[in-house]
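Novice: next one to model:
(2 chains)
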Amino acid sequence: MGPLAALTPEAIAATATGAIVGLVFSAIPGLTFSTALALMMPFTFGLDTVPAIGMLLGIYSGGMTGGAVASILLGIPGNPSAAATVFDGYQMALKGQASLALGASVVASAFGGLFSLIVMMLLIEQVAAVAIRFGPAEIFALVLFGLSTICGLAERSLLRGLVAGVLGLMMMTIGLDELDGVGRLTFGTIQLQQGINVLVAMIALFAVPQVIKTFIDHGTSADSAPGGNVITEQVRGILPVRPLLPYWWLMVRSSMIGTVVGAIPGLGGPVAAFLAYDHARRFSRTPENYGKGELGGVVAPEAANNAVMGGALIPLLSLGIPADAATAIILGGLLVHGLQPGPLLFQTSLDIIYAMYVTIVVSWVVILLVQVAGIRIFVHVLRVPRHLLGVCILVLCGIGSYALRNAIFDVYLMAVVGLLGYALVRVRIPLAPVLLGLVLGRTLEQQYRTALILSEGSHGIFVQSPVAAFFLALTLFVVGWQIWSALRRRPEGEVG
Amino acid sequence: MRVDRILGLVLLFVALVWLWLAFTYIPGARGAGETGPRAFPVLLGVVLTGLGVALALNPGPAGEAVAPVTRREAVIVAGTIGVLVLYAFLLERVGFLIATPVAIALTMWGLVRVRSATRIVALAIGFTVGCWAIFDALLGTPLPRGSWVLWLR
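Specialist: This next block holds a predicted model:
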């Protein structure tokens, strides 16, 4: 079948469903498409590999795009990546240009997404070709680098990020140790032999705390039930091409920013969008118009946050390192379907990688169709009562945890980890590093131990290889730089 | 700030319990030059100990305060987790088709205070049947049928 497997009716239907679900979840403030990814995972179990991946990538594309709808029509970002779009998008809507702003955001999004897809197609096999020569020491250093970046950048406090990463790694060690065949902290139970499953953990970490928050916000001032303030009267589906022509070079530059930011673990959509917005304002001939409804203020962040996707898929597919929470969940989904991302994937399943490229294009076609033909219907998702959605999500959490291996035990486990997740959110420990520790921990430990077996116990193996030494030095640099900037920040708000 | 100190102490406690568990229940390396299954968990326990101490001794700026837990929040958190646990319990015994409407109705009535019986019944039954149709019938992902009501099969 090759790449054409992405064009079967089943695959197109799955990708389209994913794209629409992603659009809806990211359009509704308070829900993110990471939740959608975790919740939709069980729907992919019954699908073939390519449609299943299509659904997940569709959610990703749709999720990066949909946030702008709420940003423009409500003045509240649908998800963090769309926060920079609020400044000018909402002002345009207030001036009666909602349709133009929505259309521009879609065109810029599609441009950014496809631009980064091309960059990814050009680079990814080169990266994989280099990475295929990596041994255990190099992979260990690389994974450690990815983890430390994410821990360092996920929250303002490095300590909290590191705590999160370590907690995730600790959860990973529970279960059967694959190298020695010894159960670790399973207390004789069979269910814990397989450990805390990544999919169960991501439902618990990314859906349960959100549902609890929805219930708590319901009926309070934080639940400023959009409904009333949605600017929907004048929304028409348009694809503005002529008004965007002067902005083509800005779109290219913003897409480049997004692609590069996306490829760096720990940064992700919000950083890309704000950097691009700032860049657009700084290099504009009329910077004073920014914040007052300037089209460039919509185009730049939307092109950038969608370009993140292609950038983030480069380390995910070629090295097996997810750059943010969403790609970590996609990694979990790939593993369920028997695909281990990393350089080997390019030798064993090249056709599936090509099918992914086609799938991403399909998802963009669907998104454009929804935004142009269905936008008048679509804007009504902003009126969906969030607390009732929360009730439905709670049930889906149960189904999702159960469906993975038909075990009620996993539903109990999800409830416990969900409580832990909420507690962590409350004390501002970021959840993305927990998930990454859980996803990457196994590789980290196995490569470390394999390297030491190869070197007969000598830690010298980690510095003898230039590549490993480079990544370890980079890790030290990232952590050191974080500590240094934390110490410098200290005097401002210090109380004690 | 006080929250950071308490959090640091809690993490320190977790780390020490973890280390105790690891040394008690996980066997160490069998020979020289081998890392063994215990090394990694122990290393993580040590790192968490350090992080807990650092957080307790060196709390962050006051600007990043954590809001206190209200009574209402505690009730909703306990209620949501309670519903999930009850849902798991019911799924195993009476199956998806009975457990789900019960969980939905309970959540709507108790946690989000919906008082319209029509709405509760409509969502409880509609969502249950919808999920059953998509997962069980369309996608072939079996949902729990329950050990107490085998006759429903």
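
Novice: which residues does stretch B:103-114 contact?
Specialist: Residues from elsewhere that reach stretch B:103-114, judged by CB atoms under 8 Å, 6 or more residues apart in numbering or on different chains: A:215, A:218-219, A:387-388, A:390-392, A:394-395, A:398, B:76, B:79-80, B:83, B:86-87, B:90, B:115, B:119-121, B:123-124, B:127-128. The way it works is simple: take the backbone N, C-alpha and C, and place the C-beta from them, glycine included.

Novice: do a quick rundown of the helices in the stretch 301-450 of chain A.
Specialist: For the stretch 301-450 of chain A, the helices defined by DSSP state H, counting those that start in this stretch cover A:325-336, A:345-348, A:350-373, A:375-378, A:386-403, A:408-426, A:432-454.

Novice: now the buried members of the contacts of stretch B:103-114.
Specialist: Buried subset of the contacts of stretch B:103-114 (neighbour count, 16 or more other CB atoms under 10 Å in any protein chain shown): A:215, A:218, A:387-388, A:390-392, A:394-395, A:398, B:76, B:79-80, B:83, B:87, B:90, B:120, B:123-124, B:127-128.

Novice: and residue B:27, which of the three is it?
Specialist: coil (DSSP: H, G, I helix; E, B strand; the rest coil).

Novice: how about the nearest residue to it once chain neighbours are set aside, what does it touch?
Specialist: Closest residue in space to residue B:27, ignoring its immediate chain neighbours: residue A:182 at 5.9 Å, by CB to CB, 6 or more residues apart in numbering or on different chains. Residue A:182 sits next to A:176, B:26, B:27, B:37 when contact means CB under 8 Å, 6+ apart.

Novice: could you tell me the per-residue confidence at residue B:65?
Specialist: Note for residue B:65: predicted pLDDT of 68.

Novice: okay, now the unreliable bits of chain B?
Specialist: Residue ranges of chain B with pLDDT under 70: B:1, B:31-34, B:59-65, B:149-153.

Novice: helices of that one, start to end?
Specialist: Using DSSP state H, the helices of chain B run over B:2-25, B:36-57, B:71-94, B:96-106, B:117-132.

Novice: between the second one and helix B:2-25, how many degrees?
Specialist: Right, the one you point to is helix B:36-57. Comparing the axes of helix B:36-57 and helix B:2-25 via axes from the mean of the first three to the mean of the last three CA atoms, to 10 degrees yields an angle of 160 degrees.

Novice: likewise the fourth one?
Specialist: Relative orientation of helix B:96-106 versus helix B:2-25 (the same axes, to 10 degrees): 150 degrees.

Novice: how far is helix B:96-106 from where the chain is centred?
Specialist: Centroid separation for helix B:96-106 versus its chain: 19 Å, with CA atoms, centre = their mean, to the nearest Å.

Novice: and stretch A:436-454, by the same measure?
Specialist: Centre to centre, stretch against its chain (CA atoms, centre = their mean), the figure for stretch A:436-454 is 23 Å.

Novice: would a markdown table of the helices of chain B with distance to residue A:204 be doable?
Specialist: Converted to a markdown table, the helices of chain B look like this (distance: least, CB to CB, whole Å):
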| stretch | distance to residue A:204 |
| --- | --- |
| helix B:2-25 | 18 |
| helix B:36-57 | 20 |
| helix B:71-94 | 9 |
| helix B:96-106 | 17 |
| helix B:117-132 | 19 |
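
Novice: point out the most buried one among those helices.
Specialist: Greatest average neighbour count among those goes to helix B:96-106 (a mean of 21), per mean count of other CB atoms under 10 Å in any protein chain shown.

Novice: which of the helices of chain B sits closest to residue A:381?
Specialist: Smallest distance to residue A:381 across the helices of chain B (CB to CB): 17.0 Å, for helix B:117-132.

Novice: which elements pack onto that closest one?
Specialist: Helix B:117-132 sits against helix A:386-403, helix B:96-106, with contacts defined as 3 or more CB pairs under 8 Å, 6 or more residues apart in numbering or on different chains; DSSP states H and E.

Novice: do you know which of those lies nearest residue A:162?
Specialist: Among those, the nearest to residue A:162 by CB to CB is helix A:386-403 (27.9 Å).

Novice: which helices and strands sit right next to the closest one?
Specialist: Using 3+ CB pairs under 8 Å, 6+ apart: helix A:386-403 touches helix A:33-45, helix A:198-206, helix A:208-217, helix A:408-426, helix B:71-94, helix B:96-106, helix B:117-132.

Novice: compute the inter-axis angle for that helix and helix B:96-106.
Specialist: Going by the same axes, to 10 degrees, helix A:386-403 makes 150 degrees with helix B:96-106.

Novice: what about helix A:386-403, average pLDDT?
Specialist: 88.

Novice: excluding residues flanking it in the chain, which one is nearest the residue most central in space within chain B?
Specialist: Central residue of chain B (CA atoms, centre = their mean): residue B:81, 7.0 Å from the mean position. Once flanking residues are discounted, residue B:81 sits nearest to residue A:419: 4.9 Å by CB to CB, 6+ apart.

Novice: for the one you found, grab the count of nearby residues.
Specialist: Residue A:419 is flanked by 20 other residues according to other CB atoms under 10 Å in any protein chain shown.
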